[in-house]
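Visitor: Could you work out the structure for the sequence below:
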Amino acid sequence: TGPQQYQVMQEAAGAYYWTLVLGQVLHIFLCKTRLMNTRAHGIFNNPIMFYGVACEIFLIIIFLFVPKVNELLVGLPFPGQFFVIFLGAWAAMILVQEGRKSIGRRDPKGFIHRWFNW
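Guide: Residues are numbered from 1 along each chain as shown. Sure, this is the predicted structure:
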């Protein structure tokens, strides 16, 4: 029915926004350096970045879980099993970014380093 389809669409919008925001959270940590491994560089050496990440997570929690705000701005909270969708996005981002950095460290004059390590 129409109302059920609208609810599913709102839940899908919420799941999309959740995945997008958590992807951005990981991306800021992965792109801190061009070649150095993220763990070797450290993730706790920029406190301002953590304030920004905390604000972003705080906003998504408000947008998704506060009644009436979620309907107006983003969508509805979605079923629990869909909270793990972002794990696939995280795995892909980690593989691509850390793989690119590793190849760039091993072959500094190679194609990957020249074209993908800005």
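
Visitor: how about residue 78, phi and psi?
Guide: Taking degrees, to the nearest 10, you get phi -110, psi 160 for the backbone angles of residue 78.

Visitor: what sits against it?
Guide: 11-12, 14-15, 18 (C-beta atoms under 8 Å, 6 or more residues apart in numbering). Using the backbone N, CA and C atoms, a C-beta is placed for each residue, glycine as well.

Visitor: Can you pick out the ones from these that are in helices?
Guide: Among the contacts of residue 78, the members falling in helices (DSSP state H) are 11-12, 14-15, 18.

Visitor: Give the burial count for residue 76, as a bare number.
Guide: When neighbours are defined as other C-beta atoms under 10 Å, residue 76 has 19 of them.

Visitor: With residue 57 instead?
Guide: Neighbours around residue 57, by other C-beta under 10 Å: 13.

Visitor: wait, it sits on residue 25?
Guide: Yes: applying C-beta atoms under 8 Å, one finds residue 57 in contact with residue 25, separated by 6.9 Å.

Visitor: returning to that earlier point: mind putting the ones in helices among the contacts of residue 78 in a markdown table, pLDDT, distance to residue 109 and neighbour count included?
Guide: Shown next, in a markdown table, are the ones in helices among the contacts of residue 78 (pLDDT from 0 to 100; distance: C-beta to C-beta, whole Å; neighbours: other C-beta atoms under 10 Å):
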| residue | pLDDT | distance to residue 109 | neighbour count |
| --- | --- | --- | --- |
| 11 | 84 | 49 | 16 |
| 12 | 85 | 45 | 14 |
| 14 | 85 | 46 | 21 |
| 15 | 85 | 43 | 20 |
| 18 | 86 | 41 | 22 |
